[in-house]
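Trainee: pasting the sequence and the predicted coordinates here, then a few questions.
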Amino acid sequence: MKTQIFPEPIVGAIIVNEKGSILLLESHKWKDVYSIPGGHVELGETLREALVREVKEETGLDIFDIVFIGLQESIFDTQYFTKRHFIFFDFVCKTKGYDVSLNNEAQNYLWVTIDDAFDKPLVSNTRKTLENYITKMK
């Protein structure tokens with residue numbers, strides 16, 4: 001793997017379906033705990049374009065009503081499979097779909113209520129994103 005020179009911008013999506021459930025993905029990259037869909041911003045992409053692309057690639061879902069909810073840093077998180085410095089740009093969005101088509105980045109998925117999400121083993125930054133989302137909903 002190429003040595004990292006700069007922090008990597010990453011987008012993440014709390015995806016809410018029509019029943020109010022959110023999507024969690026289980027990934028070997030995060031030691032088989034749950035996270036929200038997302039990924040790297042490519043050169044020339046806006047954050048929203050990257051979010052739409054990453055969600056589609058990872059889940060097959062189309063998203064809309066995209067709202068920015070916060071950012072956070074992850075510096076050499078031991079939950080990630082390799083030593084990386086990420087800057088996460090977190091969003092909440094909606095989908096009308098329920099059928100998830102995973103690519104090779106995730107091994108399992110769950111639709112859960114926001115409260116039930118906290119009963120699952122979560123990546124630390126995902127837990128913070130969900131907590132931030134709950135705070136902003138109030």
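Mentor: Ah, there it is. Residues are numbered from 1 along each chain as shown.
Trainee: contacts, neighbours, all on C-alpha from now
Mentor: OK.
Trainee: which ones are touching residue 93?
Mentor: 13, 14, 15, 16, 63, 64, 65, 66, 67 (C-alpha atoms under 8 Å, 6 or more residues apart in numbering).
Trainee: skipping its backbone neighbours, what lies nearest it in space?
Mentor: Distances taken as C-alpha to C-alpha, 6 or more residues apart in numbering place residue 66 nearest to residue 93, at 4.4 Å, with adjacent residues excluded.
Trainee: for the one you found, which three-state class applies?
Mentor: strand (DSSP: H, G, I helix; E, B strand; the rest coil).
Trainee: next up, the contacts around it.
Mentor: Counting by C-alpha under 8 Å, 6+ apart, residue 66 makes contact with 48, 91, 92, 93, 94.
Trainee: and which of the contacts of residue 93 is nearest residue 42?
Mentor: Checking those against residue 42 with C-alpha to C-alpha, the nearest one is residue 13 at 16.3 Å.
Trainee: list the contacts of that closest one.
Mentor: Counting by C-alpha under 8 Å, 6+ apart, residue 13 has contacts 36, 37, 38, 51, 55, 90, 91, 92, 93.
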